[in-house]
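Novice: What would the 3D arrangement of this be:
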Amino acid sequence: MKALQHLKLVAVAFLVAALAVTDADARREKKQEASVDFPNATRVDPKPDSSPRLAKDMQRMNDAYGDGDMEKVLQMAGQVLASSRAKPYDIAVAHMFSGFAAYDLGQVDLAIEHMTKAIDTNALPNNNHFSTMHTLASIYAQEEQYDKSIEYLDRYIAETRTDKADVYALKGQIHYNSEQYPQAVEAIKQAMQLQKQNQPASWQQILMASYHEMGDDNAALALAEQLYRDSPEDKQVVLNLVTIYSQLDQSDKAIALMEQARAKGMLTEQRDYEVLYSAYLNTDGGEAKAAEVIKEGLDKGLLPGDARTYTYLGQAYYFSDQVSPAIEAFRKAAAAAADGEPGLYLSQILSNEDRQPEAKAAAQAALAKGLRKPGEAWMIVGRAEFYMDNLPAARAAYQEAMKDPATREQARKALAQISR
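Specialist: Residues are numbered from 1 along each chain as shown. As a prediction, the model looks like this:
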């Protein structure tokens, strides 16, 4: 919506000025040449030709728009459109104002209808005609009507012969969203050719993603590596290359790049630490480094102290044979969690460490919070009771585990064992 707000102002700016005076007034004013936004347009720029009898209605419509009274804009535009005196210019202006007013009111279908008629009337000055066309293409894109969006955007490009990079970038985005990846690549490359400096990161991301979807990972990688060579201090460029390395299962390169960024102090957001510790967790033997990264992120306040983070920390510690800090991390995860899943992990570790009273308590707390497979917690309780020589309680716990299909067979065998 914010992007279209700018387009809206561009489209009506010329008319706001043009409607401020009548034709008679204009003849008395010193003639001033209006700015030309589309100097290369193939369309002959028509001169505004409004009916003098509709001057007041047109002015009221303009004033209502300036005041933000969109309902009144639609009302006044309707009067203009209903008038037999309305000339093509009046009709086109009324449709254009109606389109923008309807869009502002959230009436998208009505906005599309009026903007289409404003363009088809073919009487607006070029500045307004083509700006309305660009806006209509953008609205169609937002509504995911990509074919119509491309139709109007291609027409806009052909008729304006524009050299504006953002137009081609929008075209690339729309092609990408409609899964037309070769066309997306072509459009984004054109945008990059037209704007060689200060290119938005989104352009590069669309281009790399398009290459990836086309199965051309080598092209995506080559682009990402070139961008990194050009801008090694740009964090988004670094993250883009890390993503490509990860997609190509080159986790060692992804980790090395992220560690360089970490050493430079470039990891300043939650997602930065999540990318790095996830890479370590997905690497054989990387759990100790993952724990180090998570702990650093927590200490810096960049990672949230929530159940998810502490669960990952607990897993990283446990699978790197750091049992005590793993238990501590899982205790924090269990306390922060809305359900009992982290508490179940805690109870399993405590059971494996033969800390049966603590394992039982953790499993019971997990059951109280709710579990997807409650039988697993009942198995922990049963095992704890068995090793604490409380056979009736163990039997009762295993009977509860029998109620869960996931642990029914396991519980049956445990019951048979303690009944010998």
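
Novice: Now stretch 81-90: buried residues?
Specialist: Buried residues in stretch 81-90, defined by neighbour count with 16 or more other Cβ atoms under 10 Å: Ser83, Ala86, Tyr89, Asp90. C-beta coordinates here come from the backbone N, C-alpha and C atoms, glycine included.

Novice: The residues you listed in strands, which ones?
Specialist: Under the assignment DSSP state E, the buried residues of stretch 81-90 contribute nothing to strands.

Novice: now, the most widely separated pair of those?
Specialist: Ser83 and Tyr89 (12.8 Å; Cβ to Cβ).

Novice: which residues do the two both contact?
Specialist: With contacts defined as Cβ atoms under 8 Å, 6 or more residues apart in numbering, no residue is shared by Ser83 and Tyr89.

Novice: Name the nearest of the buried residues of stretch 81-90 relative to Tyr277.
Specialist: Tyr277 lies nearest to Tyr89 out of the buried residues of stretch 81-90, by Cβ to Cβ, at 62.8 Å.

Novice: give me every residue that touches that closest one.
Specialist: Contact criterion Cβ under 8 Å, 6+ apart gives Pro46, Pro48, Asp49, Ser50, Ala123, Leu124 as the residues in contact with Tyr89.

Novice: Against Gly285, how distant is it?
Specialist: With the distance defined as Cβ to Cβ, to the nearest Å, Tyr89 ends up 74 Å from Gly285.

Novice: what's the answer for Gln322, then?
Specialist: Noted for Gln322: a distance of 14 Å to Gly285, by Cβ to Cβ.

Novice: more crowded one of these two?
Specialist: In terms of neighbours (other Cβ atoms under 10 Å), Gln322 is the more surrounded of Gln322 and Gly285; the figures are 17 against 9.

Novice: what about the residue lying closest to that one once chain neighbours are set aside, helix or strand, and which?
Specialist: Nearest non-adjacent residue to Gln322, counting by Cβ to Cβ, 6 or more residues apart in numbering: Ala291, 6.9 Å away. Assigned by DSSP states H and E, Ala291 belongs to helix 287-299.

Novice: helices and strands around that helix, which ones?
Specialist: Using 3 or more Cβ pairs under 8 Å, 6 or more residues apart in numbering; DSSP states H and E, the elements in contact with helix 287-299 are helix 270-281, helix 307-318.

Novice: of the ones you listed, which approaches Ser246 most closely?
Specialist: The stretch from the helices and strands packed on helix 287-299 with the least distance to Ser246 (Cβ to Cβ) is helix 270-281; that distance is 6.7 Å.

Novice: which residues are contacting the closest one?
Specialist: Taking Cβ under 8 Å, 6+ apart as the criterion, the residues outside helix 270-281 that touch it are 235, 239, 242, 246, 251, 254-255, 258-259, 261-262, 266-267, 286-287, 289-290, 293-294, 296-297, 302-304, 312, 315-316.

Novice: Please tell me which one of the contacts of Tyr89 counts the most neighbours.
Specialist: Sorting the contacts of Tyr89 by how many neighbours each has (other Cβ under 10 Å) puts Leu124 first, at 27 neighbours.

Novice: Tell me the pLDDT of it.
Specialist: Reading off the confidence values, Leu124 has pLDDT 95.

Novice: next one: phi and psi at it?
Specialist: According to degrees, to the nearest 10, the main-chain angles of Leu124 amount to phi -80, psi 150.

Novice: Run a quick neighbour tally on Lys295.
Specialist: Close neighbours of Lys295, defined as other Cβ under 10 Å, add up to 17.

Novice: Kindly report the same for Ser178.
Specialist: The local packing count at Ser178 equals 17, with neighbours defined by other Cβ under 10 Å.

Novice: got a list of what it touches?
Specialist: The neighbourhood of Ser178, defined by Cβ under 8 Å, 6+ apart, consists of Tyr146, Asp147, Ile150.

Novice: if we go to 10 Å?
Specialist: Contact partners of Ser178, counting by Cβ atoms under 10 Å, 6 or more residues apart in numbering, are Ala141, Glu144, Gln145, Tyr146, Asp147, Ser149, Ile150, Ala184.

Novice: Next: His212.
Specialist: For His212, the contacting residues are Tyr181, Ala219, Ala220, Leu221, Thr243, Ile244, Gln247, Leu248, taking Cβ under 10 Å, 6+ apart as the criterion.

Novice: a markdown table for these, including pLDDT, secondary structure and distance to His129?
Specialist: Written out in a markdown table, the entries for these read as follows (pLDDT from 0 to 100; DSSP: H, G, I helix; E, B strand; the rest coil; distance: Cβ to Cβ, whole Å):
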| residue | pLDDT | secondary structure | distance to His129 |
| --- | --- | --- | --- |
| Tyr181 | 96 | helix | 32 |
| Ala219 | 92 | helix | 38 |
| Ala220 | 90 | helix | 39 |
| Leu221 | 93 | helix | 43 |
| Thr243 | 88 | helix | 41 |
| Ile244 | 89 | helix | 42 |
| Gln247 | 85 | helix | 44 |
| Leu248 | 87 | coil | 47 |
